[in-house]
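> Provided below are the primary sequence and the corresponding predicted coordinates.
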Amino acid sequence: GFPVTVQAVLVLVGTAGFAVAPELADVLVVSDRQIATLGAGRAVLGPAEVARVYAVARDRRTWLVL
């Protein structure tokens, strides 16, 4: 019932270092040690919107490809 903006995230576990290819500019690439920083952004959705997105995402019919 409302648009939801998403961000692709790739988490690399157990890496000493990495370089992100320019082709992945639209993907946030972080190490496992940086995961805590993901929650540091400002909230975009309120509690009611989060609950609605959660309910829709849990409904397996949402993911059916017709």
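That came through, no problem.

> Listing request: residues of the protein with sub-threshold pLDDT.
Scanning the chain for pLDDT under 70 picks out 41.

> can you map out the helices along it?
47-58 (DSSP state H).

> Near residue 49, how many other residues are there?
Residue 49 has 14 neighbouring residues, counting by other Cβ atoms under 10 Å. (C-beta placed from N, C-alpha, C; glycine too.)

> My guess is it contacts residue 2. True?
Yes - with contact defined as Cβ atoms under 8 Å, residue 49 reaches residue 2; the gap is 7.0 Å.

> Which residue comes closest to residue 24 once chain neighbours are left out?
Among residues not flanking residue 24 along the chain, residue 10 sits closest, at 7.5 Å (Cβ to Cβ, 6 or more residues apart in numbering).

> actually residue 37, not the one I typed
residue 30 (7.2 Å).

> Against residue 18, how distant is the one you found?
Separation of residue 30 from residue 18 (Cβ to Cβ, to the nearest Å): 10 Å.

> For the two, work out which one has more neighbours and name it.
Comparing residue 30 with residue 18 by other Cβ under 10 Å, the one with more neighbours is residue 30, at 16 against 11.

> Give me the neighbour count for the residue nearest to residue 24.
11.

> Also residue 58?
By the criterion of other Cβ under 10 Å, residue 58 has 8 neighbours.

> need the contact list for it.
Going by Cβ atoms under 8 Å, 6 or more residues apart in numbering, residue 58 touches no other residue.

> Distance check, residue 9 against residue 3.
Distance of residue 9 to residue 3, computed by Cβ to Cβ: 19 Å.

> ok, those two, which is more surrounded?
Shown here are residue 9 and residue 3; by other Cβ under 10 Å, residue 9 has more neighbours (11 against 4).

> which non-adjacent residue is nearest that one?
Excluding the flanking residues, the one nearest residue 9 by Cβ to Cβ, 6+ apart is residue 28, at 4.7 Å.

> Can you list the residue ranges for strands in the protein?
Here the chain has its strands, by DSSP state E, at 8-12, 27-31.

> which of the ones you listed is buried the deepest?
strand 27-31 (a mean of 14; mean count of other Cβ atoms under 10 Å).

> For that strand, name the packing helices and strands.
The contact analysis (3 or more Cβ pairs under 8 Å, 6 or more residues apart in numbering; DSSP states H and E) places strand 27-31 against strand 8-12.
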